[in-house]
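Asker: heads up, no residue letters with this:
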């Protein structure tokens, strides 16, 4: 077990197909963790271990592993690049101390690169940029660095320069040590360190000067020495780079080609040199759950990354191992042993950790205990789910939860027999525990089971997994769009609810108004009961009526959730001797429904931001097809030899697009699609 300052918790993130998994595989090989290099295109990688990943050549689930490099213990998570699995990136970045962001040397910043970059910004994760595929035709290191600066607003600073480009890429210049590293391309060979070739000395000196200038802008000590004309030793520069990287003031940029085994050694060295250990990042903040009783923000407390502090960890991922639940934990403070009792703060219940594991993709190694700074897997936690805080019962802390995403697509799924239905239900329960973006509900009108997710590929993979992992043979219907509803005007509603039950009479009367809000601004619930009347109403009655408004907003006239509506409770009426709490809630819900019906209700549909990358000759066909799909083409740009089309298109017009694009572009077109907004349904 390494000392905590020799630990690195690292994620590899990028756009799909930029080379994340290949970089991860090379890390493992060079560290001696695996003895054969597996390739994504052969379906033989360690980190893409699911059958669905190997067949499709993509990463679907974030895979964790641990390896050693130069006496440092590195906990690595290889994350997916496809937008349908973006929750995997989000929850990984929440618990990591640093990240390597991989960019394609030809395509530069791509749509999902932007998404993962902003996710890393959200959690202030220090990162290194690795420009991969420098050996490809059209690769341009300087252009990608400029792209990172322009599109991501990042202070990207090269700490290497490539030697040669495309087929002639042979090595790089280390601008910190001012040496050249030459690569043979053989996976077993370490880079050869030689003096900088004479014809590159001037450009290396200029690039080093620019690196020092960038450091001087964010570090006063470097600035003072630089202005005095002083020279910097490699150790001084490395220390300044480390400090600026950890403070997220600088993004060091390296280059290489992972598939050809060039640039991985220096990247691993940079991970150790510049990315933080758990003690270099601020102590994790949370609140004392015992102070949340009055509904306030709670008293803020921190946990330092020390073994002597009370145990606190975040459950960031749930996985099923042959039907048994395994919870991935990031230990922020303290230690925990197998068999120990912990508190799940969300449920308020104690649970026992039966076993602890160190994880290597789908293989496990038993551990007796886990310490601060580690990422481990635990078995035995029955109630834990993504985002839960588990901690020492004597010193409770509630850490910030992990955001989730709302599904945009759904489809019906049904089994043929009662036995198959039982197996399907079991599989669905297990899979919703694993994936917070995968939802299941029963349609009361048709009796069908409806599954919802982040995209066609997401649902396709889920149905495939049900069959293979759980033997649940089920028929899936056509994918359907998940709509929302809104109103285009204003409306008022009044309702009376009256029931005679055996033991008691229930009565309530309520009035409500609704009006539309700006698109994307969400729901707002207000009360505007005249002051004189409000004084006579018990608080529990008003609370019940407000809950009634929320109940009604969860389902509009067509059965979809309401969006962008302001709902105001304007009056409540009671009758002496009757149960007013139930009555007020039911009357307020009905008043809201009537107000919505009078306010010109309208359906909203998900609009997707689509980016298509094609060769020039197919540009007209692609734009014509997007227009036929009633898309709004926003921009057509040049990226290297390719054309990039940006458009907004309603999701319902995008089903089957990947197949259509392949046939229209002779298999050469690629596209990325992300949820942009909800907007009024067009005929």
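Answerer: Noted; the coordinates are in hand. Values in this document were obtained by computation on a predicted structure and should not be read as measured data.
Asker: next, the buried residues of stretch 623-640.
Answerer: Of the residues in stretch 623-640, those buried by neighbour count under the rule 16 or more other C-beta atoms under 10 Å are 623, 625, 626, 629, 631, 633, 639, 640. Where you see a C-beta, it was placed from the backbone N, CA and C, and this is true even at glycine.
Asker: and the first one, what pLDDT?
Answerer: Same thing as residue 623. pLDDT for residue 623: 92.
Asker: ok, now the last one?
Answerer: Per-residue pLDDT puts residue 640 at 67.
Asker: and what of residue 478?
Answerer: pLDDT at residue 478 comes out at 78.
Asker: ok so, going back, can I get the buried residues of stretch 623-640 in TSV with distance to residue 450 and secondary structure?
Answerer: TSV is the format used below for the buried residues of stretch 623-640 (distance: C-beta to C-beta, whole Å; DSSP: H, G, I helix; E, B strand; the rest coil):
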residue	distance to residue 450	secondary structure
623	35	helix
625	30	helix
626	29	helix
629	25	coil
631	27	coil
633	33	strand
639	39	strand
640	43	coil
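Asker: closest one of the residues you listed to residue 13?
Answerer: residue 639 (20.6 Å; C-beta to C-beta).
Asker: you'd agree that closest one is up against residue 104?
Answerer: No. Using C-beta atoms under 8 Å, residue 639 is not in contact with residue 104; the gap is 10.2 Å.
Asker: where is the longest strand in this structure?
Answerer: Looking across the chain with DSSP state E, the single longest strand is strand 601-615.
Asker: what's that one packed up against?
Answerer: If contacts are counted by 3 or more C-beta pairs under 8 Å, 6 or more residues apart in numbering; DSSP states H and E, strand 601-615 sits against strand 484-487, helix 619-628, strand 642-650, strand 670-680.
Asker: OK, contacts around residue 125?
Answerer: Residues counted as contacts of residue 125 (C-beta atoms under 8 Å, 6 or more residues apart in numbering) are 11, 93, 96, 97, 98, 99, 248.
Asker: neighbours of the last one, how many?
Answerer: It refers to residue 248. 15 (other C-beta atoms under 10 Å).
Asker: and residue 370, what are its bridge partners?
Answerer: residue 336 (DSSP bridges).
Asker: in the stretch 301-450 of the chain, what residue spans correspond to strands?
Answerer: Along the stretch 301-450 of the chain, the segments classed as strands by DSSP state E, counting those that start in this stretch run 312-321, 324-333, 336-337, 341-344, 349-352, 355-360, 363-367, 369-370, 375-379, 389-391, 398-399, 409-415, 439-442, 449-453.
Asker: what's the last one packed up against?
Answerer: Counting by 3+ C-beta pairs under 8 Å, 6+ apart, the packing neighbours recorded for strand 449-453 are strand 409-415, helix 418-434, strand 439-442, helix 456-470.
Asker: and those as TSV, adding mean pLDDT, distance to residue 584 and mean neighbour count?
Answerer: Output for the helices and strands packed on strand 449-453, formatted as TSV (pLDDT from 0 to 100; distance: least, C-beta to C-beta, whole Å; neighbours: other C-beta atoms under 10 Å):
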stretch	mean pLDDT	distance to residue 584	mean neighbour count
strand 409-415	81	34	19
helix 418-434	81	33	16
strand 439-442	83	28	13
helix 456-470	77	40	19
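Asker: now the element after the lowest-mean-pLDDT helix or strand in the chain, going C-ward?
Answerer: The helix or strand with the lowest mean pLDDT-type score in the chain, counting by mean pLDDT, DSSP states H and E, is helix 51-56 (a mean of 44). Using DSSP states H and E, the next helix or strand after helix 51-56 towards the C-terminus is strand 63-69.
Asker: direction included, what does that next one pair up with?
Answerer: strand 72-78 (antiparallel).
Asker: tell me the angle of the partner strand relative to strand 355-360?
Answerer: Counting by axes from the mean of the first three to the mean of the last three C-alpha atoms, to 10 degrees, strand 72-78 lies at 80 degrees to strand 355-360.
Asker: circling back: residue 559: which of the helices and strands packed on strand 601-615 is closest?
Answerer: Within the helices and strands packed on strand 601-615, the stretch nearest residue 559 is strand 484-487; the backing value is 8.4 Å (C-beta to C-beta).
Asker: contact partners of the closest one?
Answerer: Residues external to strand 484-487 that are found in contact with it (C-beta under 8 Å, 6+ apart): 514-516, 556-558, 560-565, 596, 599-605, 678, 680.
Asker: buried among these? Need that as a selection in ChimeraX.
Answerer: To isolate the buried members of the contacts of strand 484-487 in ChimeraX, using 16+ other C-beta under 10 Å:
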select :514,515,516,556,560,561,562,563,564,565,596,599,601,602,603,604,605,678
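Asker: one step back: give me whichever of the strands of the stretch 301-450 of the chain is most buried.
Answerer: With neighbours defined as mean count of other C-beta atoms under 10 Å, these peak in mean count at strand 389-391, which reaches a mean of 25.
Asker: packing partners for it?
Answerer: Looks like strand 389-391 contacts strand 312-321, strand 341-344 (3+ C-beta pairs under 8 Å, 6+ apart).
Asker: so which residues make contact with it?
Answerer: The contact list for strand 389-391 (C-beta under 8 Å, 6+ apart) reads 286, 310-315, 329, 342-346, 351, 381, 384, 397-399.
Asker: same check, this time on stretch 267-274
Answerer: Counting by C-beta under 8 Å, 6+ apart, 8, 10, 23, 27, 30-31, 69-70, 72, 74, 98, 100, 126, 128, 130, 159, 238, 241-242, 245-246, 252, 254, 256 sit against stretch 267-274.
Asker: now do it: distance to the chain's middle.
Answerer: Taking the mean of its C-alpha atoms, stretch 267-274 sits 24 Å from the chain's own mean (C-alpha atoms, centre = their mean, to the nearest Å).
Asker: buried ones in that stretch?
Answerer: For stretch 267-274, a neighbour-count test (16+ other C-beta under 10 Å) marks 267, 268, 269, 270, 271, 272, 273, 274 as buried.
Asker: and for stretch 392-400?
Answerer: In terms of neighbour count (16+ other C-beta under 10 Å), stretch 392-400 has its buried residues at 392, 393, 395, 396, 397, 398, 399.
Asker: contacts only, for the last one.
Answerer: For residue 399, the contacting residues are 284, 285, 286, 312, 314, 332, 389, by C-beta under 8 Å, 6+ apart.
Asker: so the second one touches residue 300, yeah?
Answerer: Yes. In this structure, residue 285 is within contact of residue 300 by C-beta under 8 Å, at 6.3 Å.
Asker: count of residues packed around residue 483?
Answerer: Using other C-beta under 10 Å: residue 483 sits among 21 other residues.
Asker: so, low pLDDT: which residues of the stretch 501-650 of the chain?
Answerer: 640 (pLDDT under 70).
Asker: which parts of it are strands?
Answerer: 505-516, 524-527, 565-573, 601-615, 632-639, 642-650.
Asker: which helices and strands does the first one pack with?
Answerer: Yep, that's strand 505-516 we're talking about. So strand 505-516, by 3+ C-beta pairs under 8 Å, 6+ apart, packs with strand 484-487, strand 490-500, helix 539-553, strand 565-573, helix 580-597.
Asker: what residues of it count as buried?
Answerer: Result for strand 505-516 [16+ other C-beta under 10 Å]: buried residues 506, 507, 508, 509, 510, 511, 512, 513, 514, 515, 516.
Asker: how about these in a markdown table, adding distance to residue 462?
Answerer: Shown next, in a markdown table, are those (distance: C-beta to C-beta, whole Å):
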| residue | distance to residue 462 |
| --- | --- |
| 506 | 43 |
| 507 | 47 |
| 508 | 42 |
| 509 | 46 |
| 510 | 41 |
| 511 | 44 |
| 512 | 39 |
| 513 | 41 |
| 514 | 36 |
| 515 | 39 |
| 516 | 35 |
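Asker: pick the one among these closest to residue 171.
Answerer: Closest to residue 171, out of all of those and judged by C-beta to C-beta, is residue 516, at 61.2 Å.
Asker: the closest one: what's it in contact with?
Answerer: Contacts of residue 516 (C-beta under 8 Å, 6+ apart): 486, 487, 488, 489, 490, 564, 565, 566, 599.
Asker: quick check: the gap between it and residue 642.
Answerer: Taking C-beta to C-beta, to the nearest Å as the criterion, residue 516 is separated from residue 642 by 42 Å.
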